[in-house]
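**Student:** Sequence first, then the predicted structure:
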Amino acid sequence: MDPFLPVLTFHALDDQPSVISFSPEVFRCGMAKLHENGYRAMSLSEAVNCLRRRKPFPAQSFVITFDDGYQTVYEFAFPVLQDYAMTATIFLTVGKNRRGNLEERLPQLESRFMLSWQEIREMQRHGMEFGAHTCTHPDLTCLPMDQIKAEICDSKKNH
């Protein structure tokens, strides 16, 4: 049992020259190496449960998160995670007034395609967890309190 827990946080898996990009090939190789060395990805809710119960984390465990809900999470990360029986938590930027129709995609960010609700539901059926990451991804430090509350609270209602 370990008192520390690494959290690996990603955004988009692609080869674009961007601070939010991470190479899909490097991701695959990294997850393979972790798996080969006996590491286990635990869900964020499992980690929180350990904290609430004041229990140490299982040895060689870590958490994987993805911010925003880019489509590359489904395209590149999801198959790799399935190959190694790993899980992740994906925080979605859901947009305003979204109802979660299966064919609908989350609104684009950074000119990138986002996950569809069908992809989200498929990943959820296979053990991926989802959380809210605001509606429109604004800089919350620049907004008045009522807009901050709306971004946070409404994002949880829309998914």
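**Tutor:** Alright, I've got the coordinates.

**Student:** Now do stretch 12-28: everything it contacts.
**Tutor:** Identification of contacts with stretch 12-28 by C-beta atoms under 8 Å, 6 or more residues apart in numbering yields 10, 11, 68, 70, 72, 73, 75, 76, 77, 80, 110, 112. All C-beta spots, glycine's among them, are computed from the backbone N, C-alpha and C.

**Student:** Which members of the residues you listed occur in helices, if any?
**Tutor:** 72, 80 (DSSP state H).

**Student:** Give me the lowest-pLDDT entry from the contacts of stretch 12-28.
**Tutor:** Lowest pLDDT within the contacts of stretch 12-28 is found at residue 110 (80).

**Student:** which non-adjacent residue is nearest that residue?
**Tutor:** Take residue 110 and drop its neighbours on the chain: the residue closest to it by C-beta to C-beta, 6 or more residues apart in numbering is residue 20, 6.7 Å away.

**Student:** Give me the buried subset of the contacts of stretch 12-28.
**Tutor:** Among the contacts of stretch 12-28, those classed as buried by 16 or more other C-beta atoms under 10 Å are 10, 11, 68, 70, 72, 73, 76, 77, 80, 112.

**Student:** Now the last one: closest residue in space, sequence neighbours ignored.
**Tutor:** Right, residue 112. The shortest distance from residue 112 to any non-neighbouring residue, by C-beta to C-beta, 6+ apart, is to residue 70 (5.4 Å).

**Student:** No further questions, thank you.
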